[in-house]
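Student: Quick one: sequence plus predicted model below, questions after.
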Amino acid sequence: MSNKPNIANIAQYVDQEITLNGWLYNLRGSNKIAFPQLRDGSGIIQCVAKKSVLGDEAFAELRRLGQESALSITGTIHVDERAKSGFEMQVAGIKVHQNVSGYPISPKEHGPAFLHDNRHLWMRSKRQHAILKVRHLCIRAIRDYFDERDFLLLDSPIFTPNPCEGTSTLFETDYFGQPAYLSQSGQLYQEAGAMAFGKTYTFGPTFRAEKSSTRRHLTEFWMVEPELAYADIDDVMDLAEDFMVEVVRYVLERGGREHLAVLERDVGPLENVQKPFPRMTYDEACAQLAKLDQPVDPDSDFGAPHETKLTQQYDRPIMVHRYPTAVKAFYMKEDPENPARALGMDMLAPEGYGEIIGSGQREDSEDILVRKIAEHGLNREHFEWYLDLRRYGSVPHGGFGLGLERLVAWVCGLQHIRETVPFPRMMDRLRP
RNA sequence: UCCCGCUUAGCUCAGCUGGUUAGAGCAUCUGACUGUUAAUCAGAGGGUCCGCAGUUCAAGUCUGCGAGUGGGAGCCA
């Protein structure tokens, strides 16, 4: 445990005089007593400053402090029901490092554009603290999950010589005179890893230059991608389901409830995240959607209204598998029982959050893969190393990709994905 | 890329059918107040009404173009 006092561990210091370093979150009071709220990064505590204790000069200086002034406050910690956190500091002295005036983010409401322009300051506020701490919890949960199950962390490269899938638009960079692209997925490299180590995962930033300006898209986002050798689509679905249950449970058990309360997130839907998740084929889902007056065009992917309608029927994430081969990536294995269907699965989150996991069993036949690369108009030269994986010890294998920000948005119950990342990168936003 | 909305004080917004000097709350500054929880009360300062062009006796208000921003679609995690 930390041996230095901070607001998060303040209960250890009741009736002791300590010094807290932080920033002024808010200031109320009269000309005899004032209530500076000090923020130190770990929390917020209300302090009680009396003119009779501090003296006229120091009290007057305190009253002039602006929001986010940098302060060290020394005083005694007391339990007090009148303070929101239950603890209060009776101030003995204040050291002012900087008196601030004109801090742009006031305690009143602001619009999203203004707040994102001031993202570097906005992240000091309570709500953003809660979201970014839930993000941190999700990351820990994901790492722990795979580490405890003997997956090797095998980082996929960010610079890639060719598109992984050939579908999405890529960010091109000048790599010493030749084009290189920022990775849109680390999956292909994980397939090499799975054949080397059996179970691997990568967890890092990925980039999509798609002109998608919606509440569910970022141009830079974090994705975790596990890959398993000797695994079929059912193994992948079992893994994805178990993973989601454990991650949500971890977040709730490790302090997430406190943060979700700040966000006024109803945790009921999160507590519902228990096995088994409903599993259905694409064709079964289409039949259900047709009954719900939301028909799907034959052999087309779902649109947003389809996903919304379908997920509304369930109280937990659902897994839809065996999508039309035509709408899926070249590396996805065709269903041996029906080549028009691919052995891929999407996990759709409830409450309208849509696709959070894309997964599948990979094509393990060199011949079929060569044909698919040609059908997708891809340059085979770029994939010779990938075809090697089918020449030297090819086995059934698969894995999934989870978008971290979509997970965090759903867990937190946010309207927009952009608040789930410290500095969002979107089509129309590169700053700050 | 397509469709729809919005742009007025530092921030959030009001501003009627086009009509005299542009409105509020918060923030800022000054003052009052011994337990405040977005404290309250009194006062003050603060405006290129997004930009350009047009219609009109008259434009924050109407029209066109452009920019920014928000939402949706497609595509995806």
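Tutor: Everything's here; your move.

Student: make it CA atoms for all contacts and neighbour counts henceforth
Tutor: Noted.

Student: mind listing what the residue nearest to residue A:11 when sequence neighbours are not counted touches?
Tutor: Closest residue to residue A:11 apart from its sequence neighbours, by Cα to Cα, 6 or more residues apart in numbering: residue A:87 at 7.7 Å. By Cα atoms under 8 Å, 6 or more residues apart in numbering, the contact list for residue A:87 reads A:10, A:11, A:45, A:46, A:77, A:78, A:79, A:80, A:81.

Student: Repeat the analysis, applying 7 Å as the threshold.
Tutor: A:77, A:78, A:79, A:80 (Cα atoms under 7 Å, 6 or more residues apart in numbering).

Student: Intersect those residues with the contacts of RNA strand B.
Tutor: For RNA strand B, the contacts drawn from the contacts of residue A:87 by Cα under 7 Å from any atom of the strand are residue A:80.

Student: Show me which of the contacts of residue A:87 is closest to RNA strand B.
Tutor: residue A:80 (6.7 Å; Cα to the nearest atom of the strand).

Student: So which bits of the stretch 151-300 of chain A are right by RNA strand B?
Tutor: Within the stretch 151-300 of chain A, the residues that sit near RNA strand B (Cα under 7 Å from any atom of the strand) are A:167-168, A:208, A:210-221, A:223.

Student: which of those count as buried?
Tutor: When those are checked for burial by 16 or more other Cα atoms under 10 Å, the buried set is A:208, A:210, A:216, A:217, A:218, A:219, A:220, A:221, A:223.

Student: separation between the closest residue to the fifth one other than its chain neighbours and residue A:178?
Tutor: Yep, that's residue A:218 we're talking about. Taking Cα to Cα, 6+ apart as the measure, residue A:218 lies nearest to residue A:426, with 4.9 Å between them; neighbours along the chain are not counted. Separation of residue A:426 from residue A:178 (Cα to Cα, to the nearest Å): 26 Å.

Student: Then residue A:161?
Tutor: Applying Cα to Cα, the value for residue A:161 to residue A:178 is 9 Å.

Student: So if I had to pick from these two, which one is more boxed in?
Tutor: Taking neighbours as other Cα atoms under 10 Å, residue A:161 and residue A:178 compare with residue A:161 leading, 15 against 9.

Student: If we ignore the residues flanking it in sequence, what's nearest that one?
Tutor: Nearest non-adjacent residue to residue A:161, counting by Cα to Cα, 6+ apart: residue A:180, 5.0 Å away.

Student: Just confirm the one you found is within a helix.
Tutor: No: per DSSP: H, G, I helix; E, B strand; the rest coil, residue A:180 lies outside any helix segment and is strand.

Student: Tell me where the model's unsure across the stretch 101-250 of chain A.
Tutor: Per-residue confidence for the stretch 101-250 of chain A (pLDDT under 70) gives these ranges: A:163-168.

Student: so where do the helices sit in it?
Tutor: A:112-117, A:119-122, A:126-148, A:187-197, A:233-251 (DSSP state H, counting those that start in this stretch).

Student: which stretch among those helices comes nearest residue A:373?
Tutor: Residue A:373 lies closest, by Cα to Cα, to one member of these: helix A:187-197, at 13.6 Å.

Student: For the closest one, list every residue counted as buried.
Tutor: Buried residues in helix A:187-197, defined by neighbour count with 16+ other Cα under 10 Å: A:187, A:188, A:189, A:190, A:191, A:192, A:193, A:194, A:195, A:197.

Student: Please tell me how far it is from the chain's geometric centre.
Tutor: Mean-position distance between helix A:187-197 and its chain equals 24 Å (Cα atoms, centre = their mean, to the nearest Å).

Student: what's near enough to touch residue A:432?
Tutor: By Cα under 7 Å, 6+ apart, the residues touching residue A:432 are A:117, A:119.

Student: dump the residue contacts of the residue nearest to residue A:260 when sequence neighbours are not counted.
Tutor: Leaving out its chain neighbours, the residue that sits closest to residue A:260 by Cα to Cα, 6+ apart is residue A:412, at 6.2 Å. By Cα under 7 Å, 6+ apart, the contact set of residue A:412 is A:131, A:260, A:263, A:265.

Student: Likewise for residue A:80?
Tutor: Residue A:80 makes contact with A:86, A:87, A:88, according to Cα under 7 Å, 6+ apart.

Student: hmm, back to that, wouldn't the residue nearest to residue A:218 be in contact with residue A:219 here?
Tutor: Yes: taking Cα atoms under 7 Å as the definition, residue A:426 is a contact partner of residue A:219 at 5.1 Å.

Student: Check the gap between the nearest residue to residue A:332 once chain neighbours are set aside and residue A:53 for me.
Tutor: Spatial nearest neighbour of residue A:332, chain neighbours left out: residue A:362 (4.7 Å); criterion: Cα to Cα, 6+ apart. According to Cα to Cα, residue A:362 and residue A:53 sit 72 Å apart.

Student: Look at the two and report which has more neighbours.
Tutor: residue A:362 (27 against 15).

Student: List phi and psi for the more buried one.
Tutor: Residue A:362 has phi and psi values of phi -90, psi 150 when expressed as degrees, to the nearest 10.
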